[in-house]
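1. Turn this into a structure:
(chains A and B)
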Amino acid sequence: MTAWTIGWIALPFFVGFSLYLLPQVNGLLKSVLDPRVLALSVPLISAAYAVSLFWQPVPLNLQLLDHFGVTLLADTLSAYFILTNALVTAAVILYCWDTGKTAFFYTQAVILHGSINAIFICADFISVYVALEVIGIAAFLLVAYPRSNRTLWVALRYLFVSNTAMLFYLMGAVLVYQTHESFAFTGLRGAPPEAVALILVGLLTKGGIFMSGLWLPLTHSEAESPVSALLSGVVAKAGVFPLVRCALLVEELEPLMQLLGVAAALLGVTYALVETDAKRVLACSTLSQVGWVLAVPEVAGFYALAHGVGKASLFLTVGNLSSRNLTVLQQQPISTHLWLPLTLASLSISGCPGLVGFGAKISTLQQALPWQNIALNVAATGTAALYAKFIFLPHQRPQTQGGWIAAAQPGLWAALALLLGSLLIANAGYPGAYTWLNSLKVLAIIGGGWLIHWLLIQRVTLTLPRGLEAFEHLIGGMSLMLIALFWMVWSWLAI
Amino acid sequence: MLHACVYATILLGFFGLIFKENLVMKIIAMDVMSTGVIALFVLVAAREGVYTPIVSASPRAAFADPVPQAVILTAIVIGFSIQALMLVGVIKLARDNPTLETREIEKEYRP
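-> Numbers count the residues shown, from 1 in each chain, chains lettered A, B, ... in the order given. Predicted coordinates for the structure are as follows:
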């Protein structure tokens, strides 16, 4: 298992660089050495690795070098995240199959995939730092891939915010080292409060949680659809995973994570409800869903899988609609072939029984504390209300020739088959959720959400000021968050 | 004293990042901040001694800790490459926004 793990971690970087460097060949080798084929092989191997992790009876714990070396920890939690990453990356590569993207795009996608995988099995601060920085660079290049000035600015802004956050994180890491002579996650116990606050502010910003995550809506909505799917589906989780892992390893941190998770879930929903731009609604919903992942660290893996797969299919489908503006879409009926996947994925994230989102929502609500339960139920109703925006879009059968294949990019159907198929199959992850009481409760939540949609959201137009999303406020907000976190860690947590 | 200087460098870099209007100045401010962080690592490494830890016949007691130094070497390389990447992006942006003022750019590219 050790050799398998190390080989699997190294593979994406090897494949990523070689698929860019390989010369173009003709003949039989052409189909084997095609960048797309090589790129697709990597997530498939990751999926195989995730499955082998599920079968592993005890967590795999590796200490490479010494106590100051690299610490790896792979268990079922990692397996869920790795599986999410594999599914979303594979779907994005399938989606881009016929779009004429260059080998450079696939190189970046594969390297991004590899560094996100690395995060999911790391258990020390420096490996996480290196992987997060690689993610930052690869995500920058993917966002800036169209080379228009606008995407370039969005990508630059992302890199600025993420690099500043990582500088804070590094300061925290060295302070932890000063206390324990080790960079392992467990070193947070007994570390000074300023170290904990600095590390948390870095990870919260990377993961897009609560106020630190306000950079996320613009970045995720302005990128191309496949890139948005990658960013929302897995890149955001790369910041959340170390937080979840720390909360599980160091129980003293858990109350803070529970609070921040719930706050993020509510904030994201509030933003998403008033938006009218389809991609921004989805991006703001990510802001809320990462909160759900963090709110109950014990079942974070399953929730992350449900959200990642659902959100990726939503982004890929929305990218094929005729307009991004939901008010315009209310006037122009969309094609039924696009409406169906949109509704399925929306229902899954709302938690409708029959799809994986149901099991994920129920397992999270069951493990939540009583005070969390109230807030999370409010957030769930809000989520149902915001996805009603997509479910109740008018739709009709397309008049044009070609049927469903011509309704969108050819790659979309292969990607959706993979994603929606896993939405159904992953249901098996938590069959215990299916009781009459749970189903009724969730249906009541969804019904309440739809009622809010019809009575309130459809009739009232409200816009929230976007001032907080300005670049300087994002950086300034980081310092405020740092002070707040320091105060909370110092006065509240028994660390 | 040294600690105070290091933290002052980090703080100054951070303020520059907020208050400087020009994108290139912001990148330089970020460089100042990362220099401060690097200095912090070196300072932590030197807390028990400053001698280079090399195995030799005459052992000396006060060795510097090689781990933070090794770690920060990685971070220096990463920081350097990110700055290079940002500057390339800024060169491209400068063609249409010669003043490179963040607020103007933000206003122009906001949806």
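2. number of nearby residues for the spatially closest residue to B:Val67 that is not a sequence neighbour?
-> Counting by Cβ to Cβ, 6 or more residues apart in numbering or on different chains, A:Phe68 is the residue found nearest to B:Val67 once chain neighbours are left out, at 4.6 Å. All C-beta spots, glycine's among them, are computed from the backbone N, C-alpha and C. The number of residues packed around A:Phe68, counting by other Cβ atoms under 10 Å in any protein chain shown, is 20.
3. Pull up the gap between the spatially most central residue of chain B and chain A, please.
-> What sits nearest the mean C-alpha location of chain B, by Cα atoms, centre = their mean, is B:Ser34, with 1.5 Å. Separation of B:Ser34 from chain A (Cβ to the nearest Cβ, to the nearest Å) stands at 6 Å.
4. Let me know whether my guess that that residue is in a strand holds.
-> No: counting by DSSP: H, G, I helix; E, B strand; the rest coil, B:Ser34 falls outside a strand, being helix.
5. C-alpha coordinates for stretch A:281-290, CSV please?
-> Taking Å, rounded to 0.1, in the frame of the first residue of the first chain, the C-alpha atoms of stretch A:281-290 are listed here in CSV:
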residue,chain,number,x,y,z
VAL,A,281,-25.9,32.0,-7.8
LEU,A,282,-24.0,28.7,-8.1
ALA,A,283,-20.7,30.3,-6.8
CYS,A,284,-22.5,31.8,-3.8
SER,A,285,-24.1,28.5,-3.2
THR,A,286,-20.6,27.0,-3.1
LEU,A,287,-19.8,29.5,-0.4
SER,A,288,-22.6,28.1,1.6
GLN,A,289,-22.0,24.4,0.9
VAL,A,290,-18.3,24.4,2.0
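6. neighbouring contacts of it?
-> Contact with stretch A:281-290 is made by A:207-209, A:213, A:216-221, A:228, A:232, A:236-237, A:239-240, A:264-269, A:271-272, A:275, A:303, A:307, A:311, A:314-315, A:318, A:326, A:349, A:379, A:382-383, A:386-387, A:389, as judged by Cβ atoms under 8 Å, 6 or more residues apart in numbering or on different chains.
7. Now the lowest-mean-pLDDT helix or strand in chain B - C-alpha only, PDB.
-> Using mean pLDDT, DSSP states H and E, the weakest-scoring helix or strand in chain B turns out to be helix B:102-109, at a mean of 86. Taking C-alpha atoms only, helix B:102-109 is exported to PDB below (Å, rounded to 0.1, in the frame of the first residue of the first chain):
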ATOM      1  CA  THR B 102      -6.400  48.700  -9.100                       C
ATOM      2  CA  ARG B 103      -9.600  50.600  -8.700                       C
ATOM      3  CA  GLU B 104      -9.800  51.600 -12.300                       C
ATOM      4  CA  ILE B 105      -9.100  48.000 -13.500                       C
ATOM      5  CA  GLU B 106     -11.700  46.600 -11.100                       C
ATOM      6  CA  LYS B 107     -14.300  49.100 -12.200                       C
ATOM      7  CA  GLU B 108     -13.700  48.200 -15.800                       C
ATOM      8  CA  TYR B 109     -13.800  44.500 -15.500                       C
END
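8. So which other helices or strands are in contact with that helix?
-> Judged by 3 or more Cβ pairs under 8 Å, 6 or more residues apart in numbering or on different chains; DSSP states H and E, helix B:102-109 is in contact with helix A:149-180, helix A:471-491, helix B:23-45.
9. mind listing what's buried in that helix?
-> Residues of helix B:102-109 classed as buried: B:Thr102, B:Ile105, B:Glu106, B:Tyr109 (neighbour count, 16 or more other Cβ atoms under 10 Å in any protein chain shown).
10. Kindly report the same for stretch A:411-422.
-> A:Gly411, A:Leu412, A:Trp413, A:Ala414, A:Ala415, A:Leu416, A:Leu418, A:Leu419, A:Leu420, A:Ser422.
11. Show the contacting residues for the residue nearest to B:Val67.
-> With contacts taken as Cβ under 8 Å, 6+ apart, A:Phe68 has the following neighbours: A:Glu181, A:Ser182, A:Phe183, B:Val67.
12. Just the pLDDT at the first one, thanks.
-> So that's A:Glu181. Note on A:Glu181: pLDDT of 88.
13. tell me what the top helix by length along chain B is packed against?
-> For chain B, the helix with the greatest residue count under DSSP state H is helix B:66-94. Packed against helix B:66-94, as judged by 3+ Cβ pairs under 8 Å, 6+ apart, are the following elements: helix A:125-143, helix A:149-180, helix B:23-45.
14. and the angle for the first one with helix B:66-94?
-> Calculated by axes from the mean of the first three to the mean of the last three Cα atoms, to 10 degrees, helix A:125-143 forms an angle of 10 degrees with helix B:66-94.
15. Hey, what's the angle from helix A:125-143 to helix A:149-180? Just curious.
-> Using the same axes, to 10 degrees: helix A:125-143 against helix A:149-180 is 180 degrees.
16. Make CSV from the helices and strands packed on helix B:102-109 and add distance to A:Ala360 to it.
-> Compiled in CSV, the helices and strands packed on helix B:102-109 are given as follows (distance: least, Cβ to Cβ, whole Å):
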stretch, distance to A:Ala360
helix A:149-180, 27
helix A:471-491, 28
helix B:23-45, 38
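17. Low-confidence stretches in the chain?
-> Going with chain A. Scanning chain A for pLDDT under 70 picks out A:67, A:399-407, A:495.
18. could you do chain B instead?
-> B:59-60, B:111.
19. which SS state does the residue sitting furthest away from the middle of it fall under?
-> Among residues of chain B, the one most distant from the C-alpha centroid is B:Ala57; the distance is 37.3 Å, by Cα atoms, centre = their mean. Under three-state DSSP, B:Ala57 falls in the coil class.
20. residue contacts, it?
-> Not one residue lies near B:Ala57 by Cβ under 8 Å, 6+ apart.
21. what does A:Pro193 give?
-> Neighbouring residues of A:Pro193 by Cβ under 8 Å, 6+ apart: A:Phe486, A:Val489, A:Trp490, A:Leu493, A:Ile495.
22. between the residues you listed, which is closest to chain B?
-> Chain B has its nearest neighbour among these in A:Phe486, at 14.2 Å by Cβ to the nearest Cβ.
23. what secondary structure does the residue nearest to B:Val67 sit in?
-> Using three-state DSSP, the structure places A:Phe68 in coil.
24. Tell me how far it lies from A:Ile475.
-> Distance, A:Phe68 to A:Ile475, using Cβ to Cβ, to the nearest Å: 32 Å.
25. okay if I get the contacts of A:Pro193 as JSON lines plus neighbour count and distance to chain B?
-> JSON lines is the format used below for those (neighbours: other Cβ atoms under 10 Å in any protein chain shown; distance: Cβ to the nearest Cβ, whole Å):
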{"residue": "A:Phe486", "neighbour count": "17", "distance to chain B": "14"}
{"residue": "A:Val489", "neighbour count": "22", "distance to chain B": "19"}
{"residue": "A:Trp490", "neighbour count": "14", "distance to chain B": "18"}
{"residue": "A:Leu493", "neighbour count": "15", "distance to chain B": "23"}
{"residue": "A:Ile495", "neighbour count": "17", "distance to chain B": "20"}
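26. Which two of the residues you listed have the greatest separation?
-> Among these, the pair separated by the greatest distance (Cβ to Cβ) is A:Phe486 and A:Ile495, at 12.0 Å.
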